[in-house]
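> Quick one, structure for this:
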Amino acid sequence: MRFASDNSSGAAPEIMAAVAKANEGFERSYGADQAMTRVTAMVREVFEAPEAAVYLVATGTTANALSIASYCPPWGAVFCHEFAHIAEDECGAPEFYSGAKLVLVDGAEGKMTPATLAGPLGRSGGGGVHGAQPAMLSLTNVTEAGTVYSIAEIAALTAMAKSRGLPCHLDGARFANALVATGATPAEMTWKAGIDVLSFGGTKNGCLGVEAVVMFDPARAWEFELRRKRGGHLFSKHRFLSAQMEAYLTDGLWLKLATHANAMGQRLANGLRAKGATVGDSPANMMFPEWAVGTHDRLEGAGAVYYRMPAPEGLERARLVTSWSTTEDHVDTFLSAF
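Residues are numbered from 1 along each chain as shown. Coordinates of the predicted model:
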């Protein structure tokens, strides 16, 4: 009954087999491996983006920080939700690599809206040389609140940013889960909706440790390559990153894993609602239910592992996350202990 994070799960068997296979023989280093050539072609096909530049790194923080740094000057302002991973969980890495300032935007349930973005965006740059200049918009899907932006919501926000000439980044650590939840295609959720660069997650969804940076405008590609090397994130034995991503994309494995994770999330959310817990909008694999005081102790006493969260007086709140390896038995055992 481990629901602390999708990072708590291991790697899918197909990923492990691919890594073991990649360990055979010799291969060129630093991203010149044959598998990376195949990965680039696969990503371009999946995203309907034949000119996209594709790079692999080992962590989501790296993908986000280097993506932002490649588009944003050190005097720039990056607009993101106040609870965004880049704002709360990356130890200042985006600021470190870019020199830019994160401007926090509010919004209910982890989602900014045109109304909440309008104020910060409108005020930015008004001080001339004395203030940070508007430089980028960064969105997250699935959000840190477990909610999901629709295609229309993404497009409305990117349109506002582009009216000011700003490029747009999407933190897609749970991109596959967001796609499954919305039924959108990869292209519809990214470049067709105004996204310029995507952090395409694999680690949370069954990989050992690999994320792709997909730059739909390859004009920034060389700068990204330089920043990745200078930042110490260009793997010499890059084939082990490539092997993971190739297996992840083969035969739609990435969507199959996310479909299962989301299905387990919905089984858990619906089961909790049936037992009287309050579960908000949680269409993917992460939720923040509220329940009666004393429930934490009972669940943890039965062996459940998850994060306790701040709650309104008289209630308890938790963060629960399902993954590709969550089973129906895991969910049902948790619900039985509720």
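
> Tell me where the model's unsure across the stretch 101-250 of the chain.
Low-confidence segments of the stretch 101-250 of the chain (pLDDT under 70): none present.

> Tell me where it has helices.
114-123, 151-163, 175-182, 186-189, 221-230, 239-249 (DSSP state H, counting those that start in this stretch).

> could the ones you listed be laid out in CSV, adding mean neighbour count and distance to Cys72?
For every residue, glycine as well, the C-beta is placed using N, CA and C. As requested, the helices of the stretch 101-250 of the chain are exported to CSV (neighbours: other C-beta atoms under 10 Å; distance: least, C-beta to C-beta, whole Å):
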stretch, mean neighbour count, distance to Cys72
helix 114-123, 15, 15
helix 151-163, 17, 12
helix 175-182, 26, 21
helix 186-189, 20, 22
helix 221-230, 16, 11
helix 239-249, 25, 25
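
> Who are the contact partners of the most centrally placed residue in the chain?
Centre of the chain computed as the mean C-alpha position; nearest residue by C-alpha atoms, centre = their mean is Ala173, 1.9 Å away. Listed by C-beta atoms under 8 Å, 6 or more residues apart in numbering, the contact partners of Ala173 are 60, 85, 140, 142, 199, 201, 203-204, 211.

> that older thread, let me have the helices of the stretch 101-250 of the chain in TSV, extended by distance to Gly265.
Shown next, in TSV, are the helices of the stretch 101-250 of the chain (distance: least, C-beta to C-beta, whole Å):
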stretch	distance to Gly265
helix 114-123	26
helix 151-163	20
helix 175-182	8
helix 186-189	19
helix 221-230	33
helix 239-249	20
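
> Which stretch among these approaches Ala93 most closely?
Nearest to Ala93, of all the helices of the stretch 101-250 of the chain, is helix 221-230, at 12.1 Å by C-beta to C-beta.

> Can you give the distance of the closest one from its chain's centre?
Mean-position distance between helix 221-230 and its chain equals 21 Å (C-alpha atoms, centre = their mean, to the nearest Å).

> For the closest residue to Lys275 other than its chain neighbours, grab the count of nearby residues.
What sits nearest to Lys275 in space, not counting adjacent residues and going by C-beta to C-beta, 6 or more residues apart in numbering, is Phe338, at 5.2 Å. Using other C-beta atoms under 10 Å, Phe338 has 17 neighbouring residues.

> Roughly how far does Phe338 sit from Met286?
Distance, Phe338 to Met286, by C-beta to C-beta, to the nearest Å: 18 Å.

> same thing with Leu166?
28 Å.

> need the strands for the stretch 1-150 of the chain, in chain order.
Assigned strands in the stretch 1-150 of the chain, in chain order: 53-57, 76-81, 101-105, 133-140 (criterion: DSSP state E, counting those that start in this stretch).

> out of the ones you listed, which comes closest to Gly127?
Closest of the strands of the stretch 1-150 of the chain to Gly127 is strand 133-140, at 9.5 Å (criterion: C-beta to C-beta).

> Out of the contacts of Ala173, which comes closest to Thr327?
Lys204 (17.6 Å).

> my guess is the closest one meets Asn7, correct?
Yes - in this structure Lys204 lies within contact range of Asn7 using C-beta atoms under 8 Å: 5.9 Å.

> quick one, which of the two is more surrounded?
Counted by other C-beta under 10 Å, Lys204 and Asn7 do not tie: Lys204 has more neighbours, with 27 against 12.

> now that one, nearest residue through space, not along the chain?
In space, Lys204 is closest to Asp6, 4.3 Å off (C-beta to C-beta, 6+ apart).

> do Leu139 as well
In space, Leu139 is closest to Leu170, 5.4 Å off (C-beta to C-beta, 6+ apart).
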